[in-house]
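Colleague: sequence plus predicted model, see below.
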Amino acid sequence: MFHKIMVANRGEIALRVICACKELGIRTVAIYSEADRNSLHVRFADEAICIGPPQLAQSYLNIPAVISAAEIANVDAIHPGYGLLSENANFAEVCETCNIKFIGPPPQVTRLMGEKEKARAAMKKAGVPILPGSEGILASEGEAVEWARQVGFPVIIKASAGGGGRGMRIVRSAEELPALFNAAHSEAAAAFGNGDLYMEKYVERPRHVEFQILADSHGNVVSLGERECSLQRRHQKLMEESPSLQVTPELREETGRILSQALSNIGYVNAGTIEFLMDQDRRLHFIEMNTRIQVEHPVTEMVTDVDLVKSQIMIAAGAKLQDVLHGPIQPRGHAIECRINAEHPEKFTPSAGKITTFNPPGGTGVRLDTAAYAEGVIPPYYDSLIAKLVVRGRDRNEAISRMGRALEMFIVEGIFTTIPLHRKILADPEFRAGKIDTGFIERFLKAAKEHAA
């Protein structure tokens, strides 16, 4: 087992990793920017090193500064959390070169799955169902038109690198394709430094369903079931739950079996998430893989009682899955996660500033992952996520009721948050009936605006 781990991240995920390390008896080193000097992950780590000014490029994304801090602290391994450097294959390679264990998959696998078109081809070869689409990168808008006619409109153009909805356009006719192709190319090039695009058939009103996997370095892979992530705004998730109401036990078992074989074939190691779109016939279609721990990993932890972050660390240290999991996965109950962002709940504009009141909810079946606290400052430089409120109930109805009372007891003052929005979503009849898809939030907000008018 490792003696000392550096957490190359900030906020709630940095604190989450520190907690896992403490339970494993591993010393921790936090890195922080000048804006995060008073953050909780700095306070609770055994050591802390400032690596630069607030700007991400000069601190958390500055690979030489991160590696220098790791060498100064003489760490055995680095846990990258999610976002930032977590899916940066070059960073993983630098760690290897410096004899520091990167807690994640091998760099070549991260690179393969990070380029969506290549990941799509690899999954297709392994028998994972994918959407009809282009074979390889689209060389020109003319080639895009040809593929679109073969696939059939509507189609969706996607950036091969990156995510978050950038470099993505829905195309419903040949006439609008050239302009949308060029817009997607420019956006992808600006956002990711890579303007490569590929194409897939566009699924109307799909659900977003993802499967959590763990894989050890001995060729063993296990699926821990799925999460329903359809409640999104502009491709950014707001709420997740597990299990999905639309995934049958047979589909869950079959998909887990296919994914285990596919990921074993490519030599995948550590935690990962495979994302699918589910069409209205309940068929799953692979869209991408995230080669890291997910923001919504607590949803799976709540229904499986598996600590995914501790599992990551143990796997990176060479443990076999059988020693990590101590038996078969037996999900129970239903879990829901609400992402609490420091944003105006109607305008969705960031809300930085000092938190004057912070009253976290508690009670049976309630979990709160956060690094926020009363008198703490939310800086304007980083992602707006300040807390993840997660509940588990015996079934979905109890989970919804429990989340409702937890949100009511969650008081944050001094900044705006999305807590009021989540409370309204939970009260919506369509949501409570499970009638959701990736367009739910847009329809919900539109209806709310029309009702207010």
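Modeller: That came in fine, so what should we check first?
Colleague: so how far is the top strand by length along the chain off the chain centroid?
Modeller: Longest strand of the chain, by residue count under DSSP state E: strand 221-233. Remark: strand 221-233 is offset 10 Å from the chain centroid, using CA atoms, centre = their mean, to the nearest Å.
Colleague: please apply the same query to stretch 49-68.
Modeller: Per CA atoms, centre = their mean, the centroid offset for stretch 49-68 relative to its chain is 22 Å.
Colleague: re the thing from before, tell me the helix or strand right after the longest strand of the chain.
Modeller: strand 236-242 (DSSP states H and E).
Colleague: buried residues, that next one. List them.
Modeller: Lys237, Leu238, Met239, Glu240, Glu241, Ser242 (16 or more other CB atoms under 10 Å). For every residue, glycine as well, the C-beta is placed using N, CA and C.
Colleague: could you dump that strand to PDB, C-alpha only?
Modeller: Presented in PDB, the C-alpha positions along strand 236-242 are these (Å, rounded to 0.1, in the frame of the first residue of the first chain):
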ATOM      1  CA  GLN A 236     -24.300  19.600 -17.900                       C
ATOM      2  CA  LYS A 237     -25.900  17.100 -15.400                       C
ATOM      3  CA  LEU A 238     -28.000  18.500 -12.500                       C
ATOM      4  CA  MET A 239     -29.300  15.300 -10.900                       C
ATOM      5  CA  GLU A 240     -28.600  11.600 -11.100                       C
ATOM      6  CA  GLU A 241     -30.100   8.500  -9.700                       C
ATOM      7  CA  SER A 242     -29.600   4.700  -9.500                       C
END
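Colleague: who does it touch, helix- and strand-wise?
Modeller: Here strand 236-242 is seen to pack against strand 221-233, helix 297-304, strand 334-341, helix 419-427 when contacts are counted using 3 or more CB pairs under 8 Å, 6 or more residues apart in numbering; DSSP states H and E.
Colleague: averaged pLDDT, the one helix or strand Ala48 maps to. What do you get?
Modeller: In this structure, Ala48 sits in strand 47-52 according to DSSP H and E. Strand 47-52 shows a mean pLDDT of 98.
Colleague: distance check, the residue nearest to Asn265 when sequence neighbours are not counted against Ile266.
Modeller: Distances taken as CB to CB, 6 or more residues apart in numbering put Ala126 closest to Asn265, at 5.5 Å, once the chain neighbours are dropped. Counting by CB to CB, to the nearest Å, the gap from Ala126 to Ile266 is 8 Å.
Colleague: the more surrounded of those two?
Modeller: A direct count of neighbours by other CB atoms under 10 Å for Ala126 and Ile266 places Ile266 higher, at 19 against 16.
Colleague: quick one, what contacts that one?
Modeller: Contacts for Ile266 (CB atoms under 8 Å, 6 or more residues apart in numbering) come out as Val109, Leu112, Met113, Ala122, Ala126.
Colleague: check Val109 too.
Modeller: Shown in contact with Val109 (CB under 8 Å, 6+ apart): Ile266, Gly267, Tyr268, Val269, Thr291.
Colleague: give me the neighbour count for Pro420.
Modeller: 13.
Colleague: what pLDDT does the model give it?
Modeller: Reported pLDDT for Pro420: 96.
Colleague: are any of the contacts of Val109 buried, and which?
Modeller: Burial by neighbour count, judged by 16+ other CB under 10 Å, picks out Ile266, Tyr268, Val269, Thr291 from those.
Colleague: before we move on, the earlier item: and the buried residues of strand 236-242, which is closest to Asn220?
Modeller: Sorting the buried residues of strand 236-242 by how near they are to Asn220, with CB to CB, puts Ser242 at the top with 22.4 Å.
Colleague: any idea what that closest one is bridged to?
Modeller: Judged by DSSP bridges, the bridge partners of Ser242 are Ala335.
Colleague: where are the low-confidence patches of the stretch 151-300 of the chain?
Modeller: Counting by pLDDT under 70, the stretch 151-300 of the chain has low-confidence residues at 162-164.
Colleague: how about the strands in it?
Modeller: For the stretch 151-300 of the chain, the strands defined by DSSP state E, counting those that start in this stretch cover 155-159, 169-171, 197-201, 207-215, 221-233, 236-242, 270-278, 284-290.
Colleague: point out the most buried one among these.
Modeller: Greatest average neighbour count among these goes to strand 155-159 (a mean of 26), per mean count of other CB atoms under 10 Å.
Colleague: check the offset of that one from the chain's centre.
Modeller: Put simply, strand 155-159 sits 20 Å off its chain's centre (CA atoms, centre = their mean).
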